[in-house]
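1. whatever this is, show me its structure:
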Amino acid sequence: MRCPEAEVLPQPTGGSCCAGAGSPSAYFLEMNARIQDEHPVTEAVTGLDLVAEQLAVTEGRPLPFRQADVSFMGHALECRINAEDWTHGFRPSPGTVTETVWPLGDGIRIGTHLQADTNVPPYYDSQLAKLIVHGRDRADALARLRATLTRCAVEGVSTNIPLIQEVLA
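-> Below is the predicted model of the structure:
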């Protein structure tokens, strides 16, 4: 979809243009000159490296593909692992992480800064990690997410991993 409002910018950006869906007319909603936080989900189902593409565009290079060339393969899910005690009203769980275990494997992507001896302060966003899984279809992705969560471990602070597991049960 073309975004005429974006065309008034003095130079190309690596941003994303969001427009209303399901309407015969496209209405401009926003222009983000940054990568979306959920971009790993899109990368998983398209096989594209959106960060590299955004950097290339901001350097003035053309995209090496057209929208029509982008295809979607499978299903991807993301869950955010937070330092919070969901059994007590999602109370923040600051402290020092003593151990982390992040599973590796096909269709699994972990985005985190967390490792043993990381201090989790009470003053900021409680997000510790983003877990993205990709599967052949939704059922496969859900099975992979359930299996991956059973292999994740964060010790020293409470997390919402048990809550996510309960929701997916």
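2. lowest-confidence helix or strand of the protein?
-> Least confident helix or strand of the chain, by mean pLDDT, DSSP states H and E, is strand 16-19 with a mean of 53.
3. low-confidence ranges, the chain, go.
-> Applying pLDDT under 70 to the chain picks out residues 1-33.
4. in this structure, which spans are strands?
-> Using DSSP state E, the strands of the chain run over residues 16-19, 28-32, 75-82, 84-85, 91-92, 95-96, 99-101, 108-112, 119-120, 127-135, 153-155.
5. strands paired with the fifth one, and their directions?
-> In this case it means strand 91-92. Counting by DSSP bridges, the strands paired with strand 91-92 are strand 84-85 (antiparallel).
6. name the surrounding residues that touch the strand it pairs with.
-> Taking contacts as CB atoms under 8 Å, 6 or more residues apart in numbering, the residues outside strand 84-85 that touch it are 90-93, 126, 158-160. For the C-beta atoms, the positions are set from N, CA and C on the backbone; glycine is no exception.
7. so what's the residue most central in space within the chain closest to, chain neighbours aside?
-> What sits nearest the mean C-alpha location of the chain, by CA atoms, centre = their mean, is residue 38, with 3.3 Å. Computed as CB to CB, 6 or more residues apart in numbering, the closest residue to residue 38 that is not its neighbour in sequence is residue 78, at 6.2 Å.
8. one more: residue 115?
-> residue 100 (5.7 Å).
9. tell me which residues of stretch 35-52 are tucked away?
-> The neighbour-count check on stretch 35-52 (16 or more other CB atoms under 10 Å) flags 35, 39-45, 48, 50 as buried.
10. tell me where the protein has helices.
-> In order along the chain, the chain carries the following helices (DSSP state H): 39-46, 50-58, 138-151, 161-168.
11. since we're on residue 66, how many residues are nearby?
-> 7 (other CB atoms under 10 Å).
12. again, but for residue 98
-> Using other CB under 10 Å, residue 98 is surrounded by 12 other residues.
13. again, but for residue 83
-> Using other CB under 10 Å, residue 83 has 25 other residues around it.
14. next up, the contacts around it.
-> By CB under 8 Å, 6+ apart, the neighbours of residue 83 are 92-95, 120, 126-128, 154, 157-159.
15. distance of it from residue 136?
-> Residue 83 is 32 Å from residue 136, where distance means CB to CB, to the nearest Å.
16. got it, and residue 93?
-> Counting by CB to CB, the separation of residue 93 from residue 136 is 35 Å.
17. so these two - more neighbours on which side?
-> Between residue 93 and residue 136, counting by other CB under 10 Å, residue 93 is the more crowded of the two (21 against 12).
18. thank you kindly, that will do.
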